[in-house]
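Trainee: got a sequence here, can you build the structure:
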Amino acid sequence: MSHSTYNIQWNEAQNHIKELLEYEAAPETQKPETDRVSAFQTAAVIYIKYIQVFRKLEECYYQIVHPQKRIVLKHVLDGTMGRLLELKNEMVNLEFSEYHFFDDVLSDMKLTPADIEIPVPRYFTQDNEKDIKDRMKLMAETLAKYRLDETSDKKEEIKMSLEEAIKIIQVHERARQGCLRAKFMREIRAQEEREKMLAMQGASTMDPDVASTIIQKVWKGYSQRNKTLKLREEELIFIGMQPGSDTPTHHKDSPVSKVSKREEERVLIQAQHEREYQDALVNIKEKIREAEGPDIKENMQDQIRQWFIETRDATGKFPDYPSDDEGGSAAIFKTKNGEGGEDGAEGEGGKKKGKKGKKKKGEKKEKKKKGKKKGGKGKEGGGDDEEGFKMVPSMFIPGIEEASSTYEDIWKHRDETENFQQKYDAELIKELKRGEVESEIRVQVDDLMRQELKNLKAALQKDMGKKGGKGSAKKKGGKKKDKKGGKKGKKDKDLTPDRTIESLYEELVKEGILVQYPKVKISDYMGEYSYLGTTLRQANIEPMPSLSDVRRVITEYGILPMGSQTVHETAPHVKSIMIAGPHGTGKRMLVNAICSELGANLIDLTAENICGRYPVLFKELILRNGGRLAPTLDLSSLAKISDGYTPGHIITAVKHVLTERRVQQLHRKPLTALEFVTPLARIDPIYKEEEEQFKKWYSKTPLGKKRAKLKAEEEEGEGGGKGKSAKGGKKKGKGKKKGKGKKKK
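Mentor: Model (predicted):
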């Protein structure tokens, strides 16, 4: 696609962000929500809208080649990612569950599960591609060297005499010849039996016309069935339900291949433009320093000298020059502009401010006390429900607003008709670097003007006959104290001061603690979305998370917070993740996917090492293992049969069926569902008892306990409502027993 396509997409994403920020800042949204379900629905709608924006921004950042646009885009992308994680945390606190079901929200918004799939930003690995390759190369070299040494140590020479060697060869050769002779004799016997059968049957007495009619009937039926199958296949290809065999996706002229090739070219252009931009930052800064530096320096000196004269005329003495900590001469111009011009009225105004400050502190204390009292009442009579649920103030919205305003001011209406190649904008670099040059020159000017002010003061004191060296001595003494104070604090002790990073890395690889992992993406963890999650929860049935839910949670907890430094430092994130489940559900694959998406090291700290949606799944696995989808393969039946089997079990069955010989026979003998039944029958599925054990285990986790408590409170509330409306003394008695049980607890 063209540059303008992604610029339009970026503009659409910014418009959606603007609408979201206005919606979140609206008074109606800021009001506390008393109903927990309504609060979750509000958070879920905002969460889904941010996912849609995030998908657009990630695609734009991956394909836009303008280096200065990419800086703004990354700022917005990180802010959106952080806001997603904040909303995720809000939903977890509302439902007390890591898994959320949006089937009702998606139905209302007319979206599909694919529209809310969270992509992993490709810049996580793209920005550190060189470091990752160097690290992987070092690991591969270390492993190759270690395995070579290990195999050379384990090699043992087998001592054998010449006679023994000849005897072994003769035994194997005789066995080979015996097998061939047995096969040859078996074929001869079969031929003799066929000849005997033909001799016993005699010549055929069928009329030639009848025989030809039968042959025509069989052939016409066969050809018509083939035509029908071909028409059905063409129809499926036409409506997009099956890929065309004549135009494979891996062919170099296919649309998919062309798009992927164009994307790779744009990535290379990005790297080239980024190098040119970094060079331009240095070159343009040097040019500004050479061309405008002397004028900037002279203007600063004139302004500072004018300040010396004005202050001496007003007070009768030269002023004290601001220190570097105070901002140097920059503080002078702030004061002259009126930003800090209230210093002279600190006598009265300062006291008033101090009194007001004390009052404010007192008011805060009173408010805190009142809040505590209200909180106490809430605990007794359910005050939390009266106050309602309100979102925590976001740490990322200010950053998103700042980046959005930058887009509005600079890029939204910028004319780029002459910048077709989307290279850097020199004028923007000049505006950026002019401020840096001024700051650097200001430091030099401050040193010069301090010395000049010192000389002026010395000349003035000499004329007045006064000596003034005490103040400077005090200042020097004060600086020495600061230096002494700055040296305090213990540094972390390096336990391996004589070792390099490379040697430590090599040792960890050799010991098997740093391990290689297969390159897989989180999208390779295939699984369907749970379409009945909300319905089951409304019926007080806790649904098991689908593979799609697991993929989403791993992305939110294990990948997004670790990929961006900004998000990692600010967003709410968990410190550790425990992936639990039956054998073959893909736990190890998820760990490999996290490492692959982040370009991270995989450290194996297991005790042993240290001490010493199923139709789609079948379809993808069959295609990956060299199989072909034919009309004879009933995927719906396979999905029904494989209920209870894990993805690992299905992979085992597919590999068992699709041997090298079976793949070669596919053009003559298409796959059928019955071929997969036998290997699946030999594997024990995950029975309901094991599933219930995992549910019980999860209910004992901290979040599971909170979820169970919430359900119990909801059921108790419903039961209390029924008890009030019902008649009869027995039900009242039951209510009293429940009350006593509460007191005991």
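Trainee: so where's this protein shaky on pLDDT?
Mentor: Low-confidence regions of the chain, defined by pLDDT under 70, span residues 1, 147-157, 202-204, 243-253, 335-386, 465-496, 607-621, 625-632, 717-745.
Trainee: quick one, strands of it?
Mentor: All strands of the chain, identified by DSSP state E, fall at 514-515, 602-603.
Trainee: pick the most deeply packed of the ones you listed.
Mentor: Highest mean neighbour count among those (mean count of other CB atoms under 10 Å): strand 514-515, with a mean of 18. Placement of C-beta: from N, CA and C, glycine included.
Trainee: so which elements touch that strand?
Mentor: Under the contact criterion of 3 or more CB pairs under 8 Å, 6 or more residues apart in numbering; DSSP states H and E, strand 514-515 touches strand 602-603.
Trainee: gap between the strand it packs on and the chain center?
Mentor: Distance of strand 602-603 from the chain centroid (CA atoms, centre = their mean, to the nearest Å) equals 18 Å.
Trainee: sheet partners, orientation included, of it?
Mentor: strand 514-515 (antiparallel) (DSSP bridges).
Trainee: circling back to that earlier point, in JSON lines: the strands of the chain, plus distance to P113.
Mentor: Formatted as JSON lines, those follow (distance: least, CB to CB, whole Å):
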{"stretch": "strand 514-515", "distance to P113": "34"}
{"stretch": "strand 602-603", "distance to P113": "30"}
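Trainee: looking at these, which is nearest to D643?
Mentor: D643 lies closest to strand 602-603 among the strands of the chain, at 32.9 Å (CB to CB).
Trainee: tell me the contacts of A25?
Mentor: Contact partners of A25, counting by CB atoms under 8 Å, 6 or more residues apart in numbering, are absent.
Trainee: distance-wise, check E263 relative to P319.
Mentor: 61 Å (CB to CB, to the nearest Å).
Trainee: oh, that last question was meant for I332, not what I typed.
Mentor: 9 Å.
Trainee: report the set of residues contacting both of the two.
Mentor: W307.
Trainee: between the two, who's got more neighbours?
Mentor: It is I332, of I332 and P319, that has more neighbours when counted by other CB atoms under 10 Å, with 23 against 15.
Trainee: for that one, what are its contacts?
Mentor: Contacts of I332 (CB under 8 Å, 6+ apart): Q303, I304, W307, P322.
Trainee: can you check I309 too?
Mentor: Contact analysis of I309 by CB under 8 Å, 6+ apart lists nothing.
Trainee: same thing but 10 Å
Mentor: F318 (CB atoms under 10 Å, 6 or more residues apart in numbering).
Trainee: cool, and G558?
Mentor: 522, 573-574, 576-577, 579, 590-591, 593-595, 597-598.
Trainee: and it, how close does it get to L590?
Mentor: Noted for G558: a distance of 8 Å to L590, by CB to CB.
Trainee: ok, L231 next?
Mentor: 43 Å.
Trainee: just to check, D279 is in contact with P67?
Mentor: No - taking contacts as CB atoms under 10 Å, D279 lies outside contact range of P67: 11.0 Å.
Trainee: what do these two both touch?
Mentor: With CB under 10 Å, 6+ apart, D279 and P67 have common neighbours Y424.
Trainee: got the contact list for V574?
Mentor: V574 sits next to N89, V92, E98, E556, Y557, G558, P561 when contact means CB under 10 Å, 6+ apart.
Trainee: which residue packs closest to the last one, ignoring adjacent ones?
Mentor: In space, not counting the residues next to it along the chain, P561 is nearest to H573; the distance is 3.8 Å by CB to CB, 6 or more residues apart in numbering.
Trainee: contacting residues around the one you found?
Mentor: Per CB under 10 Å, 6+ apart, neighbours of H573: G82, L85, K88, N89, E556, Y557, G558, L560, P561, M562, V567.
Trainee: which of those residues lies closest to T315?
Mentor: G82 (50.7 Å).
Trainee: so the closest one sits right up against M395, yeah?
Mentor: Yes - the pair G82 / M395 is scored as a contact, 7.0 Å apart, by CB under 10 Å.
Trainee: ok, those two, which is more surrounded?
Mentor: Per other CB under 10 Å, whichever of G82 and M395 has more neighbours is G82, with 27 against 15.
Trainee: from L460, how far out is that one?
Mentor: 57 Å.
Trainee: thinking again about what came up before, show me just the buried residues among the contacts of V574.
Mentor: Among the contacts of V574, those classed as buried by 16 or more other CB atoms under 10 Å are N89, V92, E98, E556, Y557, G558, P561.
Trainee: give me every residue that touches L87.
Mentor: Here L87 is in contact with A43, A44, V45, I46, Y47, I48, K49, Y50, I51, M391, S394 (CB under 10 Å, 6+ apart).
Trainee: is the fifth one in contact with M109, as I believe?
Mentor: No - the criterion here is CB under 10 Å, and Y47 misses it with M109 at 11.5 Å.
Trainee: give me the more crowded residue out of the two.
Mentor: Neighbour count, other CB under 10 Å: between Y47 and M109, Y47 has more, with 21 against 15.
Trainee: run a quick neighbour tally on R450.
Mentor: For R450, the tally of surrounding residues (other CB under 10 Å) stands at 17.
Trainee: same question, K285
Mentor: Residues near K285, counting by other CB under 10 Å, number 18.
Trainee: residues touching it, list them.
Mentor: Residues in contact with K285 (CB under 10 Å, 6+ apart) are I429, K430, L432, K433, R434, E436, V437, E440.
Trainee: ok, so of those residues, who is nearest Y531?
Mentor: So of the contacts of K285, ranked by how close each gets to Y531 (CB to CB), first place is L432, at 50.8 Å.
Trainee: got the contact list for that closest one?
Mentor: Q68, L281, I284, K285.
Trainee: show me how to select, in PyMOL, the buried members of those.
Mentor: This is the PyMOL syntax for the buried subset of those, where burial follows 16+ other CB under 10 Å:
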select buried, resi 68+281+284+285
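Trainee: which among the contacts of L432 gets closest to Q242?
Mentor: Q68 (45.0 Å).
Trainee: the closest one reaches E431, doesn't it?
Mentor: No - in this structure Q68 lies outside contact range of E431 using CB under 10 Å: 11.1 Å.
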